[in-house]
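Enquirer: the sequence and its predicted three-dimensional model are supplied below.
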Amino acid sequence: MNAKAKGYALGAIAAVTYGMNPLFALPLYEDGMNPDSVLFFRYLLAIPTVCVMLKARGRDFRVPVRELPLLALFGILFSLSSLTLFQSYNYMAAGIASTLLFVYPIIVAVIMACFFKERLSALTMFCILTAMCGIGLLYKGDDGVTLSLTGTLLVFGSALSYAIYIVGINQTRLKDIATLKVTLYVLLFGLSLFAVRLLAADEGLPLPSKWYLWGNLFALGLFPTAISLLCTTAAIQYIGATPTAILGALEPATAIFFGVMVFGEVLTARDVTGVVLIIAAVGIVIAGGSVAHTLVKFRKLFPKLTRGRKHP
């Protein structure tokens, strides 16, 4: 397999594994766990993996003390994005939720245009309108039944939080810190949010009642987290940021596949049209501008050290 084919394969694996979130989370919900407890374990189990990855690159765990408030802010923002997405699974089909979340690259483009004076091209405007049409098709089905307003707002809250996180990481002092190290502290501060919410809840920390469901928790830390991030990094090195970002369209496609095949979710022709419009619009936005670089830069977990410059 040549380098280009290997890069596309790794990019596809990264997107597909990230799209497995509902596959492992929904059985835990059915067992009585809630989004806070599921995400608490996902973050907790991901942290050792990131630590091993850091040490494998010969890096330490130190960051400048003055950056801790920023890291805490983005850690909370990132965990809020996870929390609202996982909460939305209680209100709508996971595949639809994952598709609606996929509009975050368009939100990134709008934020960059509004606050950082990046030009919003006519093509991007057309794609935004196309995505809105797709969202409209998903929101109201053929039978006149609409999606849960609560679930829809939760997903868009997740997409907005994620978009702000991506832009913020690239536009603040944190861009000068190795992304893998930023990821470690984001997970640590994000974990603290779930710990506080669980301590404040009456039911404490729900645990799986069946032994094999612990495998779901470990799988959440392995597939959508460690494997996805590792394959994303390798794919960028082989084929670049833009193709890797475009392959992200496989994330909602994977969630829809498992939703239909495993959980019996039903997709109408109207739903399929809406999904295709959203994925196509986002793909064109990524391919047609600098959004891909912004989206993927923060996922470069293993930046090469350059001579004459030391990373914190």
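Expert: Alright, I've got the coordinates.
Enquirer: where in the stretch 51-200 of the chain is pLDDT low?
Expert: Within the stretch 51-200 of the chain, the segments meeting pLDDT under 70 span 141-145.
Enquirer: quick one: the strands in it?
Expert: Using DSSP state E, counting those that start in this stretch, the stretch 51-200 of the chain contains no strands.
Enquirer: quick one: the helices in it, in order.
Expert: Ranges of helices within the stretch 51-200 of the chain are 68-88, 94-101, 104-116, 122-139, 149-171, 179-200, based on DSSP state H, counting those that start in this stretch.
Enquirer: which one is residue 3 nearest to, not counting chain neighbours?
Expert: residue 238 (5.2 Å; CB to CB, 6 or more residues apart in numbering). For every residue, glycine as well, the C-beta is placed using N, CA and C.
Enquirer: ok, which of the helices of the stretch 51-200 of the chain comes nearest residue 15?
Expert: Closest approach to residue 15 among the helices of the stretch 51-200 of the chain (CB to CB): helix 94-101, 11.1 Å.
Enquirer: which residues are contacting that closest one?
Expert: With CB atoms under 8 Å, 6 or more residues apart in numbering as the test, helix 94-101 has contacts from 19, 21-22, 25-26, 85, 88-89, 135, 138, 147, 151-152, 155-156, 158-159, 162, 251-252, 255-260, 263, 265, 267, 271, 274-275, 278-279.
Enquirer: stretch 47-65 too?
Expert: Residues from elsewhere that reach stretch 47-65 (CB under 8 Å, 6+ apart): 71, 177-178, 180-181, 183-185, 187-188, 191, 221-222, 225-226, 230, 301-302, 311-312.
Enquirer: mind checking which of those are buried?
Expert: Applying 16 or more other CB atoms under 10 Å to the contacts of stretch 47-65, the neighbour count classes 71, 177-178, 180-181, 183-185, 187-188, 191, 221-222, 225-226, 230, 301-302 as buried.
Enquirer: if we can go back for a sec, wait, the residue nearest to residue 3 touches residue 9, no?
Expert: No: Residue 238 is beyond contact range of residue 9, at 9.1 Å (criterion: CB atoms under 8 Å).
Enquirer: quick one: residue 120 and residue 168, what's the gap?
Expert: Noted for residue 120: a distance of 19 Å to residue 168, by CB to CB, to the nearest Å.
Enquirer: same check on residue 43?
Expert: 19 Å.
Enquirer: of these two, who's got more company?
Expert: Shown here are residue 43 and residue 168; by other CB atoms under 10 Å, residue 43 has more neighbours (26 against 18).
Enquirer: wait, residue 246 touches residue 283, no?
Expert: Yes: if you go by CB under 8 Å, residue 246 and residue 283 touch, sitting 5.3 Å apart.
Enquirer: more neighbours, these two?
Expert: residue 246 (21 against 18).
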